Structures are given as structure tokens and as C-alpha cells.
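Undergrad: 3D, please:
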Amino acid sequence: IKELVFINSKMLLEIPNFILVSIVLICIYIVISALFIRKVSFEDTI
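TA: Reported below is the predicted structural model:
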């Protein structure tokens, strides 16, 4: 189990930070855009 955790942490450290940040930003953008679209469609129904 310890070896598996060590391999996973090593793989995570090898991933460049800007890729990780870009993935997080994309996820945040998708959530915000989904909420915005839902809000607009909700206002249109009213």
C-alpha cells in the first residue's frame, strides 16, 4: 500500500503546475457557465 501511495504522489509531483491550474480553471468555468445558463433559462420561463 505504501508503494502505491508513493508512486501516486510521485506521479502527481511530475505533473506541471500550470496544467493542474488550467484544469481547475476549466472546471470552475464550466460550473459558472452552467449556473449562468440555468439562471438565464429560469428567467426566460418566468
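
Undergrad: looking only at pLDDT, what's the mean for stretch 10-18?
TA: For stretch 10-18, mean pLDDT rounds to 70.

Undergrad: so how many other residues sit close to F42?
TA: Burial of F42 is recorded as 9 neighbouring residues (other C-beta atoms under 10 Å). All C-beta atoms are positioned from the backbone trio N, CA, C, and that covers glycine.

Undergrad: in this structure, which ranges drop under the pLDDT threshold?
TA: Across the chain, the ranges flagged by pLDDT under 70 are 1, 7-9, 11-13, 15, 46.

Undergrad: ranges for the helices of the chain?
TA: 2-14, 17-45 (DSSP state H).

Undergrad: how far out from the middle of the chain is the longest one?
TA: The offset between the C-alpha centroid of helix 17-45 and the centroid of the whole chain comes to 10 Å, using C-alpha atoms, centre = their mean, to the nearest Å.
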